[in-house]
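K.L.:
Need a 3D model of the following:
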Amino acid sequence: MRKQSVRVIVNGKELVNHGTDFRDLTCDDWRRLNNTKCLGIACDDPTVFHHLHVVEITGAGRGTR
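P.N.:
Next comes the predicted model:
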């Protein structure tokens with residue numbers, strides 16, 4: 001995630017590189033998070049996530065909890 005894009009890499013292969021101002025990235029009420037500053041990962045099909053690794057690119061960031 002950058003200021004103007006979201007990029008997804010799975011097993012070293014780039015699957016998504018989406019330019020956005022983040023207004024187009026929404027979710028339905030079923031998956032809505034109480035804290036919109038948190039990152040949520042979901043899939044409509046039966047899926048098992050064995051490992052997710054979010055890499056911080058720049059800056060120290062700050063926790064939400």
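K.L.:
can you give me the helices in the chain?
P.N.:
Taking DSSP state H, the chain contains no helices at all.
K.L.:
Show me where it dips below the pLDDT cut-off.
P.N.:
1-2, 59-65 (pLDDT under 70).
K.L.:
all strands of it, in order?
P.N.:
All strands of the chain, identified by DSSP state E, fall at 5-10, 13-19.
K.L.:
Figure out which of these is closest to residue 48.
P.N.:
strand 5-10 (13.4 Å; CB to CB). C-beta: built from backbone N, CA, C; applies to glycine.
K.L.:
Output the closest one in PDB with nothing but the alpha carbons.
P.N.:
Taking C-alpha atoms only, strand 5-10 is exported to PDB below (Å, rounded to 0.1, in the frame of the first residue of the first chain):
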ATOM      1  CA  SER A   5      -1.700   2.500  -5.000                       C
ATOM      2  CA  VAL A   6      -2.100  -1.000  -3.700                       C
ATOM      3  CA  ARG A   7       0.100  -3.800  -4.800                       C
ATOM      4  CA  VAL A   8      -0.400  -7.500  -4.200                       C
ATOM      5  CA  ILE A   9       2.400 -10.100  -4.600                       C
ATOM      6  CA  VAL A  10       1.800 -13.800  -4.100                       C
END
